[in-house]
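Participant: the following block contains a protein sequence and its predicted model.
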Amino acid sequence: MAAKDGGEVSSKLVLYSYWQSSCSWRVRFALNLKRISYEYKAVNLPKGEQFTPEFEKLNPLHFVPVLVDGDIVVSDSYAILIYLEEKYPQRALLPADCQQKALNLQVASIISSSIQPLHMLSILKYLEEKVGPQERLLFVQTSIEKGFLALEKLLKDFVGKYATGEEVYMADVFMAPQIAVATERFKIEMSKFPTLSRIYESQKALPEFVAASPERQPDAVQ
């Protein structure tokens, strides 16, 4: 999100991102919520730009996103969001209440460790080599639905307008891009998950989420 008048943080942050990466989407969403301006540097994953020597110095695992804040380099979206929360506490993404904070971290962990990795580009390419497109899609759908069912059960007693109440927190930052990818790219039917579906209606209307969406990024392929 470009810098604007009216109190937005002046920042020299640099975000290495790929437009379709849901992990990068999380970070873009969080930066927008915190009103932190940043420089966007595109990394074309299908072309293999993540394997260049320059990028390997930033992240030897060759994944996006990577955040550069002066001399500090942080890779992995979970680590980046924790860093942003500590370094830029304005517009907190973790609530003060211990139970609510733990719930947000749990949701973030489920998505970042048990759902999203199973449809990473490298996994999809591997499956494409081993099985047909229908089997690959079924594997991804089954993996996502298993994770969504866990989130549905976890959140049903805590939700408000958003994932863990009436405010947008880290759980929403992780959840909204994941649901968007699940429905648009992998044809997940959200009627199976009424709680998540209702939350997503609120999340996807947020201007910070819309501005962070893949099609709004400078490297988007229309």
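Facilitator: Good, I have the coordinates. Residues are numbered from 1 along each chain as shown.
Participant: for residue 15, see how far away the residue lying closest to residue 215 once chain neighbours are set aside is.
Facilitator: Closest residue in space to residue 215, ignoring its immediate chain neighbours: residue 222 at 7.3 Å, by C-beta to C-beta, 6 or more residues apart in numbering. Glycine gets a C-beta too; all of them are placed from N, C-alpha and C. Residue 222 sits 21 Å away from residue 15, going by C-beta to C-beta, to the nearest Å.
Participant: got it, and residue 204?
Facilitator: Counting by C-beta to C-beta, the gap from residue 204 to residue 15 is 21 Å.
Participant: what about the residue nearest to residue 215, how many residues close to it?
Facilitator: Residue 222: 3 surrounding residues under other C-beta atoms under 10 Å.
Participant: pLDDT value on it, please?
Facilitator: Residue 222 is assigned a predicted lDDT (pLDDT) of 75.
Participant: for it, give its distance to residue 19.
Facilitator: Noted for residue 222: a distance of 10 Å to residue 19, by C-beta to C-beta.
Participant: okay, and the common contacts of those two?
Facilitator: residue 215 (C-beta atoms under 8 Å, 6 or more residues apart in numbering).
Participant: re earlier: who has more neighbours, residue 204 and residue 15?
Facilitator: Remark: of residue 204 and residue 15, residue 15 carries more neighbours, 22 against 15, as counted by other C-beta under 10 Å.
Participant: element containing that one?
Facilitator: Assigned by DSSP states H and E, residue 15 belongs to strand 9-17.
Participant: what's the distance between the next helix-or-strand element following that strand and the middle of its chain?
Facilitator: Next along the chain after strand 9-17, taking DSSP H and E as the criterion, comes helix 22-33. Distance of helix 22-33 from its chain centroid, counting by C-alpha atoms, centre = their mean, to the nearest Å, is 6 Å.
Participant: which residues in this structure form strands?
Facilitator: Along the chain, the stretches classed as strands by DSSP state E are 9-17, 36-42, 66-69, 72-75.
Participant: quick one: closest of these to residue 24.
Facilitator: Distance to residue 24, taken as C-beta to C-beta, is lowest for strand 9-17 among the strands of the chain, at 3.9 Å.
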